[in-house]
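Trainee: Sharing a sequence plus its predicted fold:
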Amino acid sequence: MTHPLNGLDGIDKKILDELQIEGRLTNQELSDRISLSPSPCLRRVRALEKKGIITGYHAHVDQDMCGLAINVFVSVKLEKPTEGNMRKFESLINHMDEVLECYLMTGTHDYLLHVVSESLKTYERFIRRELTPLSNIAAIESSFAFGQVKKRSRLPL
C-alpha cells in the first residue's frame, strides 16, 4: 500500500502545515500564505478532506484551566489478549471520557492509556469504578506526570 503523503506535492504539504498551525484560517488567508489563488486552494483542501488526510478541525483547550490538572499514563495487561478480548477492551475504553488516548503496545503490557483527572481522588474513583471492573485485566500500573515538557499536535511534514 502506498503511503498517502507520497502522492502529495509541496503545495499540499504547505496547506497541511498551515492548517496545523491555524485551523481557523479562511480560504483567502490560506491561499495568501501558500501563494495560490483561492479556488485551487479550496479544491486542494476539499481533496485532502475527501482522502481522509484532513480528518477534522478542533480547538486546543487548556487542560489546567478546565480543572484537569492530573495526567496519568496507565499500562494495562490483559489476562488473555485474544482478538475478541482486545476488541471488547478497546470498545469499552472508547466510551471512557477520561481516557484521551489508548495505544496497543508491544512488551510486557498490552495497552498504554493517557488519562486525565481533576485530582488523585477522582483518578482513584476512575480506577475503582471504571477500569478495574473490566473483565480480563491482569495488571494495571499508573505513572503520574509531574509536568509536561513538550506537547505538539503538528506533524513534521
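Mentor: Everything's here; your move.

Trainee: List phi and psi for residue 111.
Mentor: Per-residue torsions, residue 111: phi -140, psi 150 (degrees, to the nearest 10).

Trainee: what sits against it?
Mentor: With contacts defined as Cβ atoms under 8 Å, 6 or more residues apart in numbering, residue 111 is in contact with 75, 76, 78, 89, 93, 102, 103, 104, 105. For the C-beta atoms, the positions are set from N, CA and C on the backbone; glycine is no exception.

Trainee: Got a ChimeraX select line for the buried ones in those?
Mentor: Typed into ChimeraX, the next command selects the buried ones out of the contacts of residue 111 (criterion: 16 or more other Cβ atoms under 10 Å):
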select :75,76,78,89,93,102
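
Trainee: Which ones among the contacts of residue 111 map onto helices?
Mentor: Among the contacts of residue 111, DSSP state H puts 89, 93 in helices.

Trainee: Reformat the contacts of residue 111 into TSV and put pLDDT and distance to residue 49 next to each item.
Mentor: TSV is the format used below for those (pLDDT from 0 to 100; distance: Cβ to Cβ, whole Å):
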residue	pLDDT	distance to residue 49
75	98	35
76	98	34
78	98	36
89	98	31
93	97	27
102	98	25
103	98	26
104	98	27
105	98	31
